[in-house]
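Show me the folded form of this:
(one chain, ligands or ions: 1)
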Amino acid sequence: MSTQDYENDKKWCEKCKRYQRYLMSVDRSYCVDCGSEVRLFSKEDAVAFGRDLEKRRWRGTGS
Ligand SMILES: [Zn+2]
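Numbering: from 1, shown residues only. Next up, the predicted model:
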């Protein structure tokens with residue numbers, strides 16, 4: 001196992017303003033550092049990801 005896999009095991013903490021390791025609950029994840037709920041992407045990344053999906057969807061529907 002590489003250290004890159006370890007990097008992927010992080011989620012965005014809004015309170016710490018950075019990607020942090022997290023504790024997994026049933027349907028939520030929590031920052032190991034401050035205990036706040038973490039999310040998979042930061043807001044900025046989520047927006048970028050959404051745009052990317054939108055682009056792909058457009059490309060996919062044109063038959
Ligand atoms: Zn945190």
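
part of a helix, is E54?
Yes: judged by DSSP: H, G, I helix; E, B strand; the rest coil, E54 forms part of a helix.

for this protein, what spans make up the helices?
When secondary structure is read from DSSP state H, the chain shows helices at 3-8, 43-61.

hey, which of those is tucked in deepest?
Using mean count of other C-beta atoms under 10 Å, the stretch among the helices of the chain with the largest mean neighbour count is helix 43-61, at a mean of 10. Heads up, the C-betas are built off the backbone N, CA and C, glycines and all.

average pLDDT for it?
Averaged across helix 43-61, pLDDT comes to 84.

So what touches it?
W12, R39, L40, F41 (C-beta atoms under 8 Å, 6 or more residues apart in numbering).

Make a PyMOL selection of the buried ones in those.
Per 16 or more other C-beta atoms under 10 Å, the buried members of the contacts of helix 43-61 correspond to this PyMOL selection:
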select buried, resi 12+39
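
hmm, back to that, any chance of the helices of the chain in TSV, plus distance to S25?
Formatted as TSV, the helices of the chain follow (distance: least, C-beta to C-beta, whole Å):
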stretch	distance to S25
helix 3-8	19
helix 43-61	20
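
Y30 against R39, yeah?
No: using C-beta atoms under 8 Å, Y30 makes no contact with R39, being 10.9 Å away.

for this protein, which strand is longest?
In the chain, with assignment by DSSP state E, the single longest strand is strand 18-24.

What pLDDT is listed against the residue sitting nearest the centre point of the chain?
When C-alpha atoms, centre = their mean is applied to the chain, the residue found nearest the centroid is L40 (2.0 Å). L40 carries a pLDDT value of 86.

residues contacting the closest residue to it other than its chain neighbours?
Spatial nearest neighbour of L40, chain neighbours left out: K11 (5.7 Å); criterion: C-beta to C-beta, 6 or more residues apart in numbering. K11 makes contacts with Y19, Q20, Y22, S29, C31, V38, R39, L40, as judged by C-beta under 8 Å, 6+ apart.

Give me the distance between K11 and the ion.
Relative to the ion, K11 is positioned 10 Å away (C-beta to the ion, to the nearest Å).
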